[in-house]
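[1] After the sequence you'll find the predicted model.
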Amino acid sequence: MILTIDVGNTRIKGAVFEGDKLLEKFTFDKENFNENILKIIEYFPSVSDIVVATVADIDFNALSDLAPNVAIHYIDHETVFPFDNKYATPKTLGIDRMVLAAGATLQFPGMNKLIIDAGTCVTYDFVDAEDNYLGGAISPGLRLRYESLHNFTSKLPLLQLSMPEKFIGDQTIAAIHSGVVNGLVYEINGFIDEYEALGKKIIIILTGGDADFLAKRLKNTIFANSNFLLESLKQTFQYKIKND
């Protein structure tokens with residue numbers, strides 16, 4: 001069994017795989033990280049490998065001591081990836097974005113691919129049909145948009161994510177929900193239009209914590225999979241083992 005771990009900006013996500021089957025998912029805060037991972041290993045004693053991608057600082061030394069029979073593998077910039085990285089500053093490209101690009105390359109060979117990861121930030125990553133990673137874009141996610149309206153104004157309230165009831169907000173709360181949610185929906189659809197205008201057939205992959213929420217309002221030509229990063233971690237690790 002393989003346990004994949006995605007250490008994000010705000011939370012940690014994990015999944016246990018047996019072969020290609022996802023057995024169970026986990027989400028928890030960064031506090032008591034090692035204890036949470038140990039509980040997963042105790043529940044799934046057949047886990048032999050932990051595959052980690054992180055955009056934050058996490059100390060895995062204690063975990064190595066507590067679970068000596070489990071191998072810990074880090075996906076980093078030195079990992080062998082199945083695409084040619086054409087990013088102008090490849091060392092600054094986030095590991096999470098590289099893993100997503102790898103998963104898309106392995107799952108959809110010979111196709112142009114746009115991967116949209118809707119989490120704390122929204123990232124757009126494009127891999128062409130010849131497996132060249134060309135770059136993309138980064139913008140604030142839904143949570144950041146709500147927080148910025150509250151933190152950088154004197155009177156706007158901090159709201160929780162909610163589907164707008166009306167397009168035209170007829171009071172402040174409704175206007176904020178409409179602006180945040182519809183604004184991001186229009187942004188994503190706009191990016192999709194621009195990439196499709198390149199004139200080549202393209203598959204759109206939507207993932208991240210807000211993928212399921214957004215998929216209901218986006219174009220129906222997308223492939224939505226909130227587990228895509230965790231699945232891509234497993235595939236990147238398997239590719240690495242075969243090609244090291």
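    Yep, it's here. Predicted model, so just to flag it, every value in this text is computed and none were measured. Numbering: from 1, shown residues only.
[2] Endpoints of stretch 17-26, how far apart?
    12 Å (Cα to Cα, to the nearest Å).
[3] ok, which stretches of this structure are helices?
    33-43, 61-66, 95-107, 142-151, 172-177, 183-196, 211-215, 228-243 (DSSP state H).
[4] so how far is the longest one from its chain's centroid?
    Between the mean C-alpha point of helix 228-243 and the mean C-alpha point of its chain there is a distance of 14 Å (Cα atoms, centre = their mean, to the nearest Å).
[5] could you dump the helices of the chain to TSV with mean neighbour count, mean pLDDT and distance to Glu24?
    Bear in mind the C-beta positions are built from the backbone N, C-alpha and C, glycine included. Shown next, in TSV, are the helices of the chain (neighbours: other Cβ atoms under 10 Å; pLDDT from 0 to 100; distance: least, Cβ to Cβ, whole Å):
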stretch	mean neighbour count	mean pLDDT	distance to Glu24
helix 33-43	16	85	8
helix 61-66	13	67	19
helix 95-107	24	96	19
helix 142-151	16	96	25
helix 172-177	16	95	33
helix 183-196	15	94	29
helix 211-215	18	92	18
helix 228-243	20	94	11
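[6] wait, isn't Val127 in contact with Thr105?
    Yes - between Val127 and Thr105 a contact is recorded at 5.6 Å, counting by Cβ atoms under 8 Å.
[7] still on that earlier bit, can you lay out the helices of the chain as CSV showing distance to Val7?
    Shown next, in CSV, are those (distance: least, Cβ to Cβ, whole Å):
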stretch, distance to Val7
helix 33-43, 8
helix 61-66, 12
helix 95-107, 9
helix 142-151, 17
helix 172-177, 30
helix 183-196, 24
helix 211-215, 19
helix 228-243, 11
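[8] right, and Phe17 touches Lys234 too?
    Yes - Phe17 is in contact with Lys234 according to Cβ under 8 Å; the separation is 5.2 Å.
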